[in-house]
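[1] below is the sequence, then the predicted model.
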Amino acid sequence: MTVGELVVRGPHSLYRQSWAPTDMRAGGTINADGFGVAWWRRAEVGVDGARDAVTRYRNAAPIWTDPAVTEVLGQLESRAVLAAVRSATVGMPVERAACAPFVDEHWAFSHNGVVPDWRSTLALVLADLDEILASASGFGAPAGAFQAGGNGAVPSGSSAGSFSGGEKAGAAPPVDSLRIRADATPLFGSAAALLHAESLTDSAALWVLLRGLLGAIDPGGPVADAADALRLLTAAVLRHQPNARLNLLLGNGTQLWATTCWHSLSVLVADDYTVLCSEPYDADPRWQPVADRRLVIAGPGHCTITALELPVTERVRS
């Protein structure tokens with residue numbers, strides 16, 4: 001598929017949702033504060049060599065004002081695309097750096113929602129994550145070793161992710177179930193790590209935290225995979241801010257991971273592709289709504305939906 005095709009696909013495309021969304025759930029009325037699109041290409045990235053490296057295009061202007069969406073992005077091809085349109089939370093900047101997707105090597109991330117009182121809340125979340133990671137048999141990086149290469153944020157809006165071509169879940173551990181060891185070292189070091197966020201928004205700060213967790217993935221550690229990272233981050237935020245809205249969308253070029261917490265999400269599973277979208281872009285009967293407080297793991301032609309709090313799994317089949 002072409003990169004731009006996902007954005008304009010269907011009579012209720014993400015493009016149209018920018019000015020005529022139907023299910024914002026009090027998160028705004030229009031998504032006119034910028035947009036972004038990420039896609040993947042093969043490249044020599046990371047310690048393992050060849051990977052799907054992510055590329056992105058962002059603009060702080062409304063998506064309908066940018067001819068590049070159809071004239072340029074429509075000429076590029078990729079097996080995986082992640083796109084978002086933004087409705088800025090009051091008091092947060094409207095700028096290119098605040099537009100998702102946020103990228104790092106082969107990861108791309110979007111947040112649909114808001115974290116109330118995010119500065120103090122996410123500082124507490126950071127401390128919790130440091131305690132959990134450092135407490136797990138001394139797991140963690142040396143203090144001050146965290147590196148952040150900034151990206152942007154989308155406090156509210158709509159998003160979509162898709163995979164074409166051929167090609168778990170479970171409960172988050174209680175945030176306060178572990179106690180820090182005297183000789184353990186934290187992953188983030190201090191709340192100053194949040195200053196690495198590209199934009200002064202809750203979503204940019206969430207990406208700093210999530211990127212740190214993704215960098216700490218270790219099959220033998222407390223973060224075994226990307227799903228664990230999303231569960232851990234979501235549980236920590238909700239512990240300190242139960243009213244947070246946390247529809248998170250993460251991709252690496254081969255899989256998509258998503259959470260639902262307040263806002264809408266639907267999934268369409270076909271034989272050789274899967275689409276996750278805030279709102280269905282057409283009337284295809286294969287669209288299925290995702291219930292609240294769920295973790296979604298998707299790839300081409302398959303999708304697994306699991307309760308974030310309960311180890312109960314539903315399978316969505318084409």
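    Now that the structure is in, tell me what you want to look at. Numbers count the residues shown, from 1 in each chain.

[2] strands of this protein, residue ranges please.
    For the chain, the strands defined by DSSP state E cover 35-44, 50-59, 80-86, 102-104, 107-114, 157-164, 245-251, 256-260, 266-269, 273-277, 288-289, 294-299, 302-307, 313-316.

[3] in its sheet, what does the fourth one sit against?
    As defined by DSSP bridges, the strand partners of strand 102-104 come to strand 107-114 (antiparallel).

[4] and the strand it pairs with, C-alpha only, in PDB?
    Provided in PDB are the C-alpha atoms of strand 107-114 (Å, rounded to 0.1, in the frame of the first residue of the first chain):
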ATOM      1  CA  TRP A 107       9.600   2.500  17.000                       C
ATOM      2  CA  ALA A 108       6.700   4.900  16.300                       C
ATOM      3  CA  PHE A 109       4.200   6.000  18.900                       C
ATOM      4  CA  SER A 110       1.000   8.000  19.200                       C
ATOM      5  CA  HIS A 111      -1.200   8.900  22.200                       C
ATOM      6  CA  ASN A 112      -4.900   9.800  22.000                       C
ATOM      7  CA  GLY A 113      -6.000  11.200  25.300                       C
ATOM      8  CA  VAL A 114      -4.700  13.400  28.200                       C
END
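
[5] for this protein, give me the ranges with low pLDDT.
    For the chain, the stretches with pLDDT under 70 are 44-50, 137-156, 163-184, 310-318.

[6] quick one: which of the strands of the chain is nearest Gly10?
    Closest approach to Gly10 among the strands of the chain (Cβ to Cβ): strand 273-277, 9.2 Å. For the C-beta atoms, the positions are set from N, CA and C on the backbone; glycine is no exception.

[7] which strands or helices does that closest one pack on?
    Judged by 3 or more Cβ pairs under 8 Å, 6 or more residues apart in numbering; DSSP states H and E, strand 273-277 is in contact with strand 157-164, strand 256-260, strand 266-269, strand 294-299.

[8] name the residues of it that come out as buried.
    By 16 or more other Cβ atoms under 10 Å, the buried positions in strand 273-277 come out as 273-277.

[9] and stretch 284-302, by the same measure?
    For stretch 284-302, by 16+ other Cβ under 10 Å, it's 287-288, 290, 293-302.

[10] likewise for stretch 192-201?
    Neighbour-count burial for stretch 192-201, counted by 16+ other Cβ under 10 Å, picks out 193-194, 196-201.

[11] quick check: end-to-end length of that stretch?
    Terminal residues of stretch 192-201 are spaced 15 Å apart (Cα to Cα, to the nearest Å).

[12] tell me, what residue is most central in the chain?
    The centre of the chain sits closest to Leu249, judged by Cα atoms, centre = their mean, with a distance of 2.9 Å.

[13] does it touch Ser159 like I think?
    Yes - Leu249 is within contact range of Ser159, at 5.2 Å (criterion: Cβ atoms under 8 Å).

[14] mutual contacts of those two, please.
    Both Leu249 and Ser159 are in contact with 82, 84, 110, 112, where contact means Cβ atoms under 8 Å, 6 or more residues apart in numbering.

[15] show me what contacts the third one?
    By Cβ under 8 Å, 6+ apart, the contact list for Ser110 reads 36, 82, 84, 100-102, 154, 159, 161, 248-249.

[16] want to throw these into a markdown table with distance to Ala229?
    As requested, the contacts of Ser110 are exported to a markdown table (distance: Cβ to Cβ, whole Å):
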| residue | distance to Ala229 |
| --- | --- |
| Gly36 | 21 |
| Leu82 | 16 |
| Ala84 | 19 |
| Ala100 | 17 |
| Pro101 | 16 |
| Phe102 | 14 |
| Val154 | 19 |
| Ser159 | 18 |
| Gly161 | 17 |
| Leu248 | 10 |
| Leu249 | 13 |
